[in-house]
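K.L.:
okay, sequence plus prediction incoming.
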Amino acid sequence: MLEWQKPLEIPSEIKASAPKLHGQETEGPISHILASPAKSIATVKGKVISVSPATTKRVQDNDVPFQELVVKDSSGQGTLAIWEDMVTTINHGELVKITKCRVRLFNGEKKLSTTRQSNCERISHDDELDDISDDEHRDDPPTGNMKNGVILAVSDMDPYLACNKPGCNNTKLLTVLEDEKYLMHCKNCNAKVAASNAGHYVRASIMVEFEDSQKNWLSSSPRLSSCLNLKIKNGMK
């Protein structure tokens, strides 16, 4: 005879910290979402504190409408790329909840991107988000998931001049000669600018030993470059 057993109840804090299956959608603070593995799917909820001009990006031989937002909550902020019909529909200062966003890795930095299944919901009122400021601190990463560690090695240092346009994701500029003048050319947006008007970016491989003895290779970004106190001039460190 089978005996009835009471279902096992799992505490909510354990459920929240448990790893998700690949492809399973999560929802939580932006800092936790950005700490998820690349290709993870998540629902993003926050205040839009920055909206870039709408443009297009070449995807599989098609020009696809594209725009970047910076979305912020109490844990931090993240860059969110929106595509196609969602472009130009979201305004600065709005509170939004966007489903089916994918975590992607661009030049060593985690960013978010909508998918064809994404939907945007406007939020009229939220006790937490209503108090979020509109200030954008791109050089101040959220500290909730930061670990203390020791840098063991830095290799493959590649400082370069980069395109400043938000949609270009720090594309490396190429030197071209035009009308007897040397300019910096972005192959992504086709812009040509003087070297003095270009952005500076650094890529590197960095080995870090954390308190739990884990060692990870990280690709640097301007944020990490400032932490390392790197100085760049004319594309050279």
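P.N.:
Sure, I can see it.
K.L.:
could you pull out the helices for the protein?
P.N.:
12-17, 30-34, 222-227 (DSSP state H).
K.L.:
would you single out the least confident of these?
P.N.:
Per-segment mean pLDDT for the helices of the chain reaches its minimum on helix 222-227, at a mean of 52.
K.L.:
now do the domain split for the chain, please.
P.N.:
The domain map for the chain lists 23-131, 149-227, with the assignment taken from automatic domain parsing.
K.L.:
ranges for the strands of this protein?
P.N.:
25-27, 41-51, 55-59, 62-73, 76-83, 95-106, 109-113, 120-122, 149-162, 174-178, 181-185, 192-193, 199-210, 215-219 (DSSP state E).
K.L.:
nearest to residue 131, out of these?
P.N.:
Smallest distance to residue 131 across the strands of the chain (C-beta to C-beta): 9.4 Å, for strand 41-51. Any C-beta I mention is one placed from the backbone N, CA and C, and that applies to glycine too.
K.L.:
would you single out the least confident of the strands of the chain?
P.N.:
strand 215-219 (a mean of 52).
K.L.:
mind putting the strands of the chain into a markdown table with mean neighbour count?
P.N.:
Converted to a markdown table, those look like this (neighbours: other C-beta atoms under 10 Å):
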| stretch | mean neighbour count |
| --- | --- |
| strand 25-27 | 13 |
| strand 41-51 | 21 |
| strand 55-59 | 14 |
| strand 62-73 | 19 |
| strand 76-83 | 22 |
| strand 95-106 | 18 |
| strand 109-113 | 19 |
| strand 120-122 | 13 |
| strand 149-162 | 15 |
| strand 174-178 | 10 |
| strand 181-185 | 15 |
| strand 192-193 | 16 |
| strand 199-210 | 18 |
| strand 215-219 | 14 |
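K.L.:
among those, which comes closest to residue 33?
P.N.:
Comparing those by C-beta to C-beta, strand 41-51 comes nearest, at 4.5 Å.
K.L.:
which strands and helices sit next to that closest one?
P.N.:
Counting contacts by 3 or more C-beta pairs under 8 Å, 6 or more residues apart in numbering; DSSP states H and E, strand 41-51 packs against strand 25-27, helix 30-34, strand 62-73, strand 76-83, strand 95-106.
K.L.:
repeat the analysis, applying 7 Å as the threshold.
P.N.:
Applying 3 or more C-beta pairs under 7 Å, 6 or more residues apart in numbering; DSSP states H and E, we find strand 41-51 packed against strand 25-27, helix 30-34, strand 62-73, strand 95-106.
K.L.:
quick one: contacts of the third one?
P.N.:
What it means is strand 62-73. 29-30, 44-52, 54-57, 77-84, 87-88, 90, 129, 132, 136, 166-167 (C-beta atoms under 7 Å, 6 or more residues apart in numbering).
K.L.:
relative to strand 55-59, how tilted is it?
P.N.:
For strand 62-73 against strand 55-59, the angle by axes from the mean of the first three to the mean of the last three C-alpha atoms, to 10 degrees is 120 degrees.
K.L.:
same check, this time on the last one
P.N.:
Inter-element angle recorded for strand 95-106 and strand 55-59: 40 degrees (by the same axes, to 10 degrees).
K.L.:
tell me, how many residues neighbour the nearest residue to residue 184 once chain neighbours are set aside?
P.N.:
Sequence neighbours aside, residue 173 is the residue nearest to residue 184 in space, at 3.8 Å (criterion: C-beta to C-beta, 6 or more residues apart in numbering). Neighbours of residue 173 under the rule other C-beta atoms under 10 Å: 26.
K.L.:
try residue 34
P.N.:
Residue 34: 23 neighbours (other C-beta under 10 Å).
K.L.:
check residue 88 too.
P.N.:
Applying other C-beta under 10 Å, I find that residue 88 has 12 neighbouring residues.
K.L.:
understood, closing this out.
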